[in-house]
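Visitor: from the sequence below, what's the structure:
(3 chains)
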Amino acid sequence: MLLTRLADVSREVAATSARSRKIALLAELFRHAEADDVPLVIPYLAGRLPQGRLGVGWKVLGRPVPPAGTPTLTVREVDALLGRLGEVAGPGSQAERVRLVEELMGAATAEEQRFLLGLLTGELRQGALDAVAVEGLAQATGAPATDVRRAVMLAGSLQTVARALLGEGPAALEAFRLTVGRPVLPMLAHSAPTVAEAVGRLGACAVEEKLDGIRVQVHRDGDEVRLYTRTLDDITGRLPEVTGAARRLTGARFVLDGEVIAFDEAGRPRSFQETAGRVGSRVDVAAAAEAVPVAPVFFDVLSVDGRDLLDLPFADRHAELARLTPEPMRVRRTVVSGPDDVEAAEEFSRQTLLRGHEGVMVKALDAPYSAGRRGASWLKVKPVHTLDLVVLAAEWGHGRRTGKLSNLHLGARTAAGGFVMLGKTFKGMTDAMLAWQTERLRELAVDERGHVVTVRPELVVEIAYDGLQRSTRYPAGVTLRFARVLRYREDKRPGEADTVETLLAAHPQVRP
DNA sequence: TTCCGACAGTGGGGTCGCAAT
DNA sequence: ATTGCGACCCCACTATCGGAA
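Guide: The predicted structure follows:
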């Protein structure tokens, strides 16, 4: 199949807002793909490369290349070139990447270049990713969409399912069952503002401590243990103490879901930055493990001794987990009967925060494990802090925010009477707020460099954030975690904004 | 007819590893 | 030795579509 066909379909998909039309366009393309092209066409139209990221970003892609006049590139030729691109390593690799990208782009028409650029940067922005591609695949093959979706969640891969489905027909979906050693997309959670509201929504539920670490799925089959992250990256080699802990459990075949986190000598959680740095270390694992040991803490079990537990109620899965793992290896929890019992849930939440954890998860006891879904039966509740800060600058937005001042530079007041930048945010704004702030900030503009518009520090904005963390980037030595806009405070003058001193005083455990 | 679940988009900060400088 | 880039951890929130209620 020619690449130009894919580029055309992608453009059409991007041009329509109707999801049903996007699905129909993808289905039509999938139907006409040859068997050999399927493993390429499907991920390409889902906006991803089959071989994953290639170490190519804006730096390499920045230079424009004169486009070809006529479309001749085939999908398989593109794949061959991208394959070579992924293999490049060592000294001189940057220049070689540039050369390969130029070779690829030089053979592509302008339209094809746009498509390839989107694929290589991971920002195709056609309003269709895996979920829409799954629907298109179902429509193209006549298989029920729910079955295809489930197979993809259990396989952890759209390509694998697509190849089987188009090769063997709907019966192939049967083969995609939970298998020890093959990672499953993990279940995700929604948020709730308070414990009371979460319990009110769910009724009988477990309230569990929410640890601020890295999600991990642990597979053990005899002596073979493998560890996967939330996005199914294999991190087995990085966490020897976790694989060791899994081997010491009494069960021989299981799949566990939990979090890895580093604790200090007193048993309190270390900062997320420390845990993440440890899990990210892969060159000298022994030294990293010595400096920052981590522990697995589990909250769910998906499979035991060949039994698939996904459809069991959470209460029953947890009973299996309690049989399999010792108490210190499980998250602390309490079970409440429903809204009448909300006091107990709130007390547990208070204790959890006092122990230094980030919040609680509230989980319905009767819910199955919804692999790959953001289930309404898991609700996270974290305390929210707020500050009144001053807008120091703003950046022009991209995509649907083109022409709007979007990303705000946030400043806190200093004792000396100036302002110090604490970070940025683009979150929490409605379209109306975007329009309003664009107007207002343009009136206050004093300078524009690149995409950054500096303004007179006069606008006060109320910001919500999850906590403070150390920073080498910002002058106060700290920055806000997950900052988002709540509302503008036109009733407040910049002199009434919060100061760095009050911010630091509110987070005594974080020091610049 | 209204409501609500699922999705995609719009980016945030940190850390590590690697190649270039 | 330092710097810059890319990958991948963590993530909040809004707009929109289309099926459920």
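Visitor: tell me the contacts of the residue nearest to A:Met105 when sequence neighbours are not counted?
Guide: Nearest residue to A:Met105, sequence neighbours excluded (Cβ to Cβ, 6 or more residues apart in numbering): A:Val65, at 3.9 Å. (C-beta placed from N, C-alpha, C; glycine too.) When contacts are counted by Cβ atoms under 8 Å, 6 or more residues apart in numbering, A:Val65 touches A:101-102, A:105-106, A:113.
Visitor: among those, which ones are buried?
Guide: With burial judged by 16 or more other Cβ atoms under 10 Å, the buried subset of the contacts of A:Val65 is A:101, A:105, A:113.
Visitor: surely the last one and A:Pro71 touch.
Guide: Yep, that's A:Gln113 we're talking about. No: assessed by Cβ atoms under 8 Å, A:Gln113 is found out of contact with A:Pro71, at 10.9 Å.
Visitor: assign a three-state SS to A:Lys380, would you?
Guide: At A:Lys380 the chain is in strand, as set by DSSP: H, G, I helix; E, B strand; the rest coil.
Visitor: tally of neighbours for it?
Guide: A:Lys380 has 18 neighbours, counted by other Cβ atoms under 10 Å.
Visitor: kindly report the same for A:Leu249.
Guide: Neighbours of A:Leu249 using other Cβ under 10 Å come to 17.
Visitor: do the one 5 residues further on as well
Guide: Under the neighbour criterion other Cβ under 10 Å, A:Phe254 is assigned a count of 25.
Visitor: equivalent analysis for A:Gly52, please.
Guide: Neighbour tally, A:Gly52, other Cβ under 10 Å: 10.
Visitor: which residues sit in contact with it?
Guide: With Cβ under 8 Å, 6+ apart, A:Gly52 has these contacts: A:Gly86.
Visitor: of the buried ones among the contacts of A:Val65, closest to DNA strand C?
Guide: Top of the list for closeness to DNA strand C, among the buried ones among the contacts of A:Val65 and by Cβ to the nearest atom of the strand, is A:Val101 at 10.1 Å.
Visitor: and the residue of the stretch 251-400 of chain A found nearest DNA strand B, how many neighbours?
Guide: DNA strand B sits closest to A:Gly399 of the stretch 251-400 of chain A, with a gap of 1.7 Å, by Cβ to the nearest atom of the strand. Applying other Cβ under 10 Å, we find 8 residues neighbouring A:Gly399.
Visitor: just A:Glu490 next, same as before
Guide: Look at A:Glu490: counted by other Cβ under 10 Å, it has 10 neighbours.
Visitor: could you give the mean pLDDT of the helix or strand in which A:Val360 is found?
Guide: Using DSSP states H and E, A:Val360 sits within strand A:359-364. Average pLDDT, strand A:359-364: 97.
Visitor: so how far is that strand from its chain's centroid?
Guide: Averaging C-alpha positions (Cα atoms, centre = their mean, to the nearest Å) puts strand A:359-364 19 Å from its chain's average.
Visitor: same question, stretch A:157-165
Guide: With Cα atoms, centre = their mean, you get 22 Å for stretch A:157-165.
Visitor: so the residue of chain A most remote from its centre, which of the three states?
Guide: What lies farthest from the middle of chain A is A:Ala416; by Cα atoms, centre = their mean that is 39.4 Å. Secondary structure, three-state DSSP: A:Ala416 is coil.
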